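Peer 1: here is my input, please return the structure:
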Amino acid sequence: MHNTTADDPLDAELRALRDQRLAEAQRAARTPRQYAPIILTDETLADAVASTDLLVVDVWAPWCGPCRVIGPILDDLARELAGTVTIGKLNADENGVTMARYGIMGIPTMLVFKRGKLVDKIVGAAPKSVLKETFLQHAA
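Peer 2: As a prediction, this is how the structure comes out:
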């Protein structure tokens, strides 16, 4: 049996570990989860890709019927998968550089980035269950 005293190194180590875990928990509590899609542009996309473990970018336009159908689905998935997947929206009409860079010829197109690399491209509307399964496969 180990008796601890104020000068005991084990006691000091346990206190330091407790303080570290408490600080981590407090930081996590202050970090907001992204419950809604983030708005991206040609200028902000690179930073979002670099700073997000798993980012799905919905390339859309306001005049696009399938885009309007998939928009609410992605809003739901942003809430359901918060903390696992970040969903962003990029207006195709306003961001031609991204369209050209990724060879996007049709919308909606979803670009899936994992740890800074493009790992998947989904073209066209798909059911929520298919999108969710695809996103979670990349999260694993």
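
Peer 1: how near is the residue nearest in space to the middle of the chain to A100?
Peer 2: When C-alpha atoms, centre = their mean is applied to the chain, the residue found nearest the centroid is T86 (2.0 Å). To A100, T86 is 24 Å away according to C-beta to C-beta, to the nearest Å. Every C-beta, even on glycine, is put in place using the N, C-alpha and C of the backbone.

Peer 1: next SSE downstream of the helix or strand bottoming out on mean pLDDT in the chain?
Peer 2: The weakest-scoring helix or strand in the chain, judged by mean pLDDT, DSSP states H and E, is helix 9-30 (a mean of 78). Counting by DSSP states H and E, the next helix or strand C-terminal to helix 9-30 is strand 38-40.

Peer 1: the residue nearest to the centre of the chain contacts S51, correct?
Peer 2: No - applying C-beta atoms under 8 Å as the test, T86 and S51 come out as separate, 9.3 Å apart.

Peer 1: just for this protein, where's the confidence low?
Peer 2: Along the chain, the parts satisfying pLDDT under 70 run over 1-7, 27-34.
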